[in-house]
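1. This is the structure alone, sequence omitted:
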């Protein structure tokens, strides 16, 4: 299915150096912000307390925040989830002071109900109280890193088997470009980095490589179909022929993700935000990062289309 068809190939590779410089600058800026500011890890990683409460009527979140601040908590995280009557409270260990924590590091439910939760409205009921220790948060961070490495390794093996090692290297560099950019945004704006955001980063890896595979497939088809094109011309033709498909696929996906971003509430905000950034830069990296890297790595027609060997029995003397 195509919305439109471009007759003449767009010379993307003519400006490959320019796009590579832009990519390098953005990646270096993202790495700088990660080093200078670091990520604002959520309670799942740093340790703290999670409280779920349900009210008989819509809860007044601002009054709950004010009550928590009165207890000595500097940055309380209070949000709705599911409905306006359901409230989720996240309290980091560094912000917990005074009598909010019990002797064993667990939340004093009676104090929370009487002094804090009752401020949000009548008929409050504590549904769940969980304490996440720093050790658990460290294990989650390590497991998340392991999951990221497994995804990267699986993608490289798949692309190397389906195409050639040059495709695997270029696709992984392009995908890591997307990951670094997402982390750079979260570091610069100090948005909360939670498990949902980590899941979005892993999803972006798979989503971006899908677009790269589509372009790689078209490059291989063009090599087999047209023998007189140079490598840059072949890449330009492959990208141009997939533009309509890219707009349809990524446009529809972005509409869905933006609906979660604007209407999904605080629970889905971080997840949708990471996906939005990842999809936008995933389009850019698949077309203008992975493809030029193929050219710089020395891609040739022989890498994908093996020359046909003539049978000696049919050769004329």
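-> Looks like it came in fine. No experiment lies behind these values; they were computed from the predicted model shown.

2. Only C-alpha atoms from now on, for both contacts and neighbour counts.
-> OK.

3. now the strands for this structure?
-> Along the chain, counting by DSSP state E, strands occupy 40-41, 48-54, 77-81, 83-92, 125-132, 192-193.

4. Same list (those strands) but as CSV, adding mean pLDDT and mean neighbour count.
-> Converted to CSV, the strands of the chain look like this (pLDDT from 0 to 100; neighbours: other CA atoms under 10 Å):
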stretch, mean pLDDT, mean neighbour count
strand 40-41, 84, 18
strand 48-54, 82, 21
strand 77-81, 80, 19
strand 83-92, 82, 20
strand 125-132, 78, 15
strand 192-193, 87, 18
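
5. looking at the ones you listed, which is closest to residue 169?
-> strand 192-193 (27.8 Å; CA to CA).

6. State the paired neighbours of the closest one in the sheet, together with their directions.
-> strand 40-41 (parallel) (DSSP bridges).

7. Show residues contacting the strand it pairs with.
-> Strand 40-41 is contacted from outside by 186, 187, 190, 191, 192, 193, 194, using CA atoms under 8 Å, 6 or more residues apart in numbering.

8. try 7 Å
-> 187, 190, 191, 192, 193, 194 (CA atoms under 7 Å, 6 or more residues apart in numbering).

9. Next up, the contacts around the fifth one.
-> If you count contacts by CA under 7 Å, 6+ apart, residue 193 has them with 39, 40, 41, 42.

10. Who are the packing partners of the lengthiest helix in the chain?
-> The helix spanning the most residues in the chain, taking DSSP state H as the definition, is helix 195-225. Judged by 3 or more CA pairs under 7 Å, 6 or more residues apart in numbering; DSSP states H and E, helix 195-225 is in contact with helix 165-189, helix 231-241, helix 266-288.

11. what is the orientation angle of that helix with helix 266-288?
-> With axes from the mean of the first three to the mean of the last three CA atoms, to 10 degrees as the basis, helix 195-225 and helix 266-288 are set at 20 degrees to each other.

12. buried sites along helix 195-225?
-> By neighbour count on 16 or more other CA atoms under 10 Å, the buried set for helix 195-225 is 195, 197-205, 207-209, 211-216, 218-220, 222-223.

13. circling back: now the strands of the chain in a markdown table, with distance to residue 15?
-> Below are the strands of the chain laid out as a markdown table (distance: least, CA to CA, whole Å):
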| stretch | distance to residue 15 |
| --- | --- |
| strand 40-41 | 37 |
| strand 48-54 | 50 |
| strand 77-81 | 46 |
| strand 83-92 | 48 |
| strand 125-132 | 50 |
| strand 192-193 | 35 |
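
14. how much space between residue 78 and residue 273?
-> Remark: distance between residue 78 and residue 273 (CA to CA, to the nearest Å) = 19 Å.

15. what angle sits between the longest helix of the chain and helix 165-189?
-> Using the same axes, to 10 degrees: helix 195-225 against helix 165-189 is 150 degrees.

16. nearest to residue 249, of the helices and strands packed on helix 195-225?
-> Ranking those by proximity to residue 249 (CA to CA) places helix 266-288 first, at 10.4 Å.

17. List the buried residues for that closest one?
-> 266-279, 281-288.

18. So which other helices or strands are in contact with it?
-> helix 165-189, helix 195-225, helix 243-263.

19. and with 8 Å instead?
-> Applying 3 or more CA pairs under 8 Å, 6 or more residues apart in numbering; DSSP states H and E, we find helix 266-288 packed against helix 16-36, strand 77-81, helix 165-189, helix 195-225, helix 243-263.

20. For residue 50, find the nearest of the ones you listed.
-> strand 77-81 (9.8 Å).

21. The closest one pairs with which strands, and in what direction?
-> Sheet partners assigned to strand 77-81 using DSSP bridges are listed as strand 83-92 (antiparallel).

22. And the partner strand, how far out from the chain middle?
-> Distance of strand 83-92 from its chain centroid, counting by CA atoms, centre = their mean, to the nearest Å, is 25 Å.

23. any residues touching it, and which ones?
-> Under CA under 8 Å, 6+ apart, the answer for strand 83-92 is 42-43, 46-59, 61, 73, 75-81.

24. And for stretch 178-186?
-> 26-27, 29-31, 33-34, 39-40, 192-193, 201, 204-205, 274, 277-278, 281-282, 285.

25. cool, and stretch 150-170?
-> By CA under 8 Å, 6+ apart, the surrounding residues in contact with stretch 150-170 are 171-172, 202, 205, 209, 216, 289-291, 293-294, 297, 299, 303-304.

26. for it, which positions count as buried?
-> 152, 155, 156, 159, 163, 164, 165, 166, 167, 168, 169, 170.

27. between the longest helix of the chain and helix 243-263, how many degrees?
-> Using the same axes, to 10 degrees, helix 195-225 lies at 170 degrees relative to helix 243-263.
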